[in-house]
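>>> Build me a structure from this.
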Amino acid sequence: MGNKVNKNAIKVGALYPSNAIAIKEYVGEYGEDDDPEQLRLDITISRREMCVTSKKTGKKFIVDWEKIIELAIEAGINK
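So this is what the prediction gives:
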């Protein structure tokens with residue numbers, strides 16, 4: 001329905017190993033409870049960044065607010 005995926009968006013965050021320490025506040029989950037590829041959504045406490053954690057691997061993907069603002073501007077939010 002007209003939703004285009006920005007292929008460059010994957011370069012906006014950082015992927016951390018499962019043993020990386022990140023103090024987070026729970027937001028919700030993406031996927032069904034019995035899905036091993038379910039993702040947990042959090043906000044990091046230190047900088048309130050977006051954090052997605054894989055239930056399957058434990059890896060964390062974190063995107064900071066500055067990148068989200070840059071993406072919004074690039075997408076034309078002010079046009």
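
>>> Which strand residues bridge Leu41?
Beta bridges link Leu41 to Gly28, Val52 when assigned by DSSP bridges.

>>> State the distance from it to Gly76.
With distances taken as CB to CB, to the nearest Å, Leu41 is found 26 Å from Gly76. For the C-beta atoms, the positions are set from N, CA and C on the backbone; glycine is no exception.

>>> How about Leu15?
Per CB to CB, Leu15 is found 27 Å from Gly76.

>>> all strands in the protein, in order from the N-terminus.
14-16, 24-30, 39-44, 50-54, 60-63 (DSSP state E).

>>> just to revisit the earlier point, who's more crowded, Leu15 and Gly76?
Neighbours were counted for Leu15 and for Gly76 using other CB atoms under 10 Å; Leu15 has more, 12 against 7.

>>> Apart from its neighbours in sequence, what residue is nearest that one?
Distances taken as CB to CB, 6 or more residues apart in numbering put Phe61 closest to Leu15, at 5.3 Å, once the chain neighbours are dropped.

>>> Hmm, Glu49 and the one you found touching each other?
No - with contact defined as CB atoms under 8 Å, Phe61 and Glu49 do not form a contacting pair (10.3 Å).
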